[in-house]
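Student: build the 3D model from these lines:
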Amino acid sequence: MSDSAMVYLDAHGLPRAQVLHNALCAASGLDALGVQESECVALLLRNDFSFVEAQQAAAAIGAYAVPINWHGTPDEVLYILQDAQPSVLIAHADLLAPLRGRLPVGLKLVTVPTPPAIVEAFGVDPALTQAAAGELSWPTWRDSFKPWDQPARRSRATMIYTSGTTGRPKAVQRQAATPEQAQAYVKIMQEVYGTVPGIRALVTGPMYHSSPNAFSRQAIQSAELLVMQSKFDPEATLALIEKHRITHAVMVPTMFVRLLKLPKDVRERYDVSSLRWVTHTAAPCPLEVKRAMMDWWGPVIYETYGGSEVGTATVSTPQDWLKHPGSVGVPTAGTRVAFYDEAGQPLADGEIGEIYMRVPAYADFSYLNNPAKRSEVERDGLISCGDIGYLKDGRLYICDRRSDMILSAGVNIYPAEIEMNLLECPGVSDCAVFGIPDEEFGESVMAAVERMPGDAVSAESIRHFLGQRLARYKVPRHIEFHARLPREDSGKIFKRKLRDLHWQQAGRKI
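Tutor: Predicted coordinates for the structure are as follows:
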């Protein structure tokens with residue numbers, strides 16, 4: 001490990017040795033607060049040094065770090081706190097503001113002063129950036145302890161709550177990994193993210209998401225440089241790549257779309273020739289978007305597929321994808337993949353069905369407080385992430401989310417295919433396609449569209465564009481325009497917020 005290695009939050013940097021020292025001091029602090037092995041430490045934090053330190057601290061004492069999606073409403077955050085029953089909550093001061101007075105009885109709280117980079121990026125009220133009277137303040141509290149030097153405990157994985165596309169989110173709680181699993185996991189991370197010593201890493205998305213989280217946990221141990229972006233901004237991302245000579249990054253396809261929408265002169269202003277490995281995940285990437293990114297950045301775009309329950313199941317290299325466009329890659333070492341129809345019958349390779357997988361590098365899991373739920377996603381010892389796809393030439397292809405699939409007049413329609421084509425339509429900045437209630441067909445196709453600035457693309461022109469590329473039944477019957485589509489910090493669209501409104505108005509549940 002290089003003594004000169006650095007960690008940055010936007011423009012502000014700290015030596016990695018300092019960040020890891022802080023983490024060990026925080027580990028001693030968590031132990032002093034009574035956190036026991038296998039208990040939970042909740043993190044309500046944006047990308048920040050404190051996130052890395054707190055997560056490392058929990059791992060050092062054998063506790064589960066539980067990152068919480070801070071975009072959630074107070075009730076959604078409180079649900080997770082009630083469900084996980086953490087011993088300690090570590091939170092940015094401004095995110096605590098709507099929760100004070102409502103936190104679970106007995107929950108210990110450590111407040112992290114909201115740093116200036118986050119205040120600026122999110123327009124935080126300066127009056128909400130400090131710990132309240134009587135609360136432990138992270139820097140003072142952390143620095144009052146000596147670094148943790150007790151015998152190593154078995155490290156628990158970060159406990160991620162699923163997105164909750166149906167019902168309440170569920171926590172995926174893994175057993176402590178065996179030494180063999182820990183070694184196999186590191187090898188998979190190297191295969192998927194290229195996390196070898198000396199890389200210069202950029203985290204663009206919020207670290208409560210599993211992929212940025214996994215990438216950052218590996219990078220903090222081996223990278224020469226780790227840069228966390230407080231909030232994704234396409235031009236700022238290019239500036240960080242050029243300034244820090246970034247070699248490795250993790251993104252989602254929506255970020256690619258927003259980068260490509262930048263004016264040509266802006267894109268050409270920045271030198272991105274240092275890039276060697278950019279992994280994308282979380283959603284299907286339109287073929288033309290991925291080709292355009294490779295034309296711009298070179299053959300450096302990798303892809304991975306998996307989920308919180310199964311782990312990282314496939315990887316697609318740039319070279320393999322160019323030969324097999326649309327594939328999400330080949331299974332990682334030892335991974336088993338199978339497909340089942342709606343009746344639960346196994347399907348042959350090439351037939352479209354629900355994808356079930358098992359990745360042996362990951363320790364076994366259960367759903368926290370609801371282990372019976374596992375039976376709903378398990379068949380023959382394999383686990384489903386709720387996606388539909390097929391296998392061809394040993395490579396996995398994804399059609400769509402099972403929950404997103406539209407059933408119209410008895411026909412299965414996959415929104416991802418429509419979205420990929422719609423994103424290529426002139427005048428369309430971004431979109432979300434989903435099913436809405438239809439008395440005649442059961443469901444019909446709705447497209448929510450965000451126009452390019454200053455463009456007045458019409459529903460008629462969109463239908464004409466799609467009609468030349470898709471079967472007639474796939475062309476949206478309904479198109480609505482939004483000044484701005486609801487998004488997560490990564491840029492990913494909150495499709496459920498758009499879809500649920502239509503079903504609620506019809507007095508129906510999905």
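
Student: now stretch 300-311: mean pLDDT?
Tutor: Across stretch 300-311, pLDDT averages out at 93.

Student: can you give me the end-to-end distance of it?
Tutor: 22 Å (C-alpha to C-alpha, to the nearest Å).

Student: same question for stretch 281-289.
Tutor: Termini of stretch 281-289 sit 14 Å apart (C-alpha to C-alpha).

Student: just how off-centre is that stretch within its chain?
Tutor: Distance of stretch 281-289 from the chain centroid (C-alpha atoms, centre = their mean, to the nearest Å) equals 14 Å.

Student: quick check: closest non-adjacent residue to W148.
Tutor: A27 (3.7 Å; C-beta to C-beta, 6 or more residues apart in numbering). Every C-beta, even on glycine, is put in place using the N, C-alpha and C of the backbone.

Student: phi, psi of that neighbour?
Tutor: When read as degrees, to the nearest 10, the backbone of A27 gives phi -60, psi -40.

Student: tell me the pLDDT at it?
Tutor: Looking at A27, its pLDDT is 97.

Student: secondary structure element for A58?
Tutor: Using DSSP states H and E, A58 sits within helix 49-60.

Student: G62 against A157, yeah?
Tutor: No: contact criterion C-beta atoms under 8 Å: G62 and A157 do not qualify, at 11.3 Å.

Student: more neighbours: those two, which one.
Tutor: For G62 versus A157, the count of surrounding residues by other C-beta atoms under 10 Å is larger for A157: 22 against 18.

Student: quick revisit: and the helix holding A58, average pLDDT?
Tutor: Here the average pLDDT along helix 49-60 is 97.

Student: same check, this time on stretch 334-351
Tutor: Stretch 334-351 comes out at a mean pLDDT of 92.

Student: so how far is it from its chain's centroid?
Tutor: Chain-centre distance of stretch 334-351: 26 Å, with C-alpha atoms, centre = their mean.

Student: hang on, the earlier thing: what about the residue nearest to W148, distance to R269?
Tutor: Between A27 and R269 the computed distance is 43 Å (C-beta to C-beta, to the nearest Å).

Student: neighbours around T129, how many?
Tutor: Counted with other C-beta under 10 Å, T129 comes out at 18.

Student: same question for R291.
Tutor: The number of residues packed near R291 is 15, by other C-beta under 10 Å.

Student: in what helix or strand does the residue lying closest to V377 once chain neighbours are set aside lie?
Tutor: The shortest distance from V377 to any non-neighbouring residue, by C-beta to C-beta, 6+ apart, is to S384 (4.8 Å). Per DSSP H and E, S384 falls inside strand 382-392.

Student: list the contacts for the residue in the chain sticking out farthest from the centre?
Tutor: Centroid-distance maximum for the chain: E440 at 36.9 Å, with C-alpha atoms, centre = their mean. Each residue near E440 by C-beta atoms under 8 Å, 6 or more residues apart in numbering is listed here: A409.

Student: got it, and L89?
Tutor: 41-42, 44, 81, 103, 107-110.

Student: just the element for the closest residue to it other than its chain neighbours, please.
Tutor: Sequence neighbours aside, A42 is the residue nearest to L89 in space, at 4.6 Å (criterion: C-beta to C-beta, 6+ apart). Using DSSP H and E, A42 sits within strand 40-44.

Student: kindly report the same for M294.
Tutor: Using DSSP H and E, M294 sits within helix 287-297.

Student: and for C285?
Tutor: C285 is located outside every helix and strand, with elements delineated by DSSP H and E.

Student: does it really touch M255, like I thought?
Tutor: No: counting by C-beta under 8 Å, C285 does not reach M255; the two are 10.2 Å apart.

Student: who has more neighbours, the two?
Tutor: Between C285 and M255, counted using other C-beta under 10 Å, the more crowded position is C285 (26 against 23).

Student: and the helices in the stretch 1-150 of the chain, which stretches?
Tutor: 16-32, 49-60, 74-84, 93-96, 116-122, 138-143 (DSSP state H, counting those that start in this stretch).

Student: comparing those helices, which comes out most buried?
Tutor: Among these, ranked by average contacts under mean count of other C-beta atoms under 10 Å, first place goes to helix 49-60 (a mean of 26).

Student: what about this structure, any weak spots by pLDDT?
Tutor: 1-3, 163-167, 410, 489-491, 506-510 (pLDDT under 70).

Student: and if we set it to 50?
Tutor: The chain contains residues with pLDDT under 50 at 1, 164-166, 510.

Student: quick check: domain ranges of it?
Tutor: The record's domain split for the chain, according to automatic domain parsing, is 15-156, 186-401, 406-505.

Student: adding distance to K170, write these out as JSON lines.
Tutor: Listed next are those as JSON lines, based on distance: least, C-beta to C-beta, whole Å:
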{"stretch": "domain 15-156", "distance to K170": "9"}
{"stretch": "domain 186-401", "distance to K170": "5"}
{"stretch": "domain 406-505", "distance to K170": "15"}
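
Student: those domains: which one's closest to V172?
Tutor: For V172, the closest of the domains of the chain is domain 186-401, at 4.4 Å, according to C-beta to C-beta.

Student: can you map out the helices along the stretch 351-500 of the chain?
Tutor: Going by DSSP H, counting those that start in this stretch, the stretch 351-500 of the chain shows helices at 415-422, 459-467, 495-505.

Student: for those, which one sits closest to K373?
Tutor: Using C-beta to C-beta, those put helix 495-505 closest to K373, at 19.3 Å.

Student: still on that earlier bit, could you single out the most deeply buried of the helices of the stretch 351-500 of the chain?
Tutor: Most buried of the helices of the stretch 351-500 of the chain, by mean neighbour count (mean count of other C-beta under 10 Å): helix 415-422, with a mean of 22.
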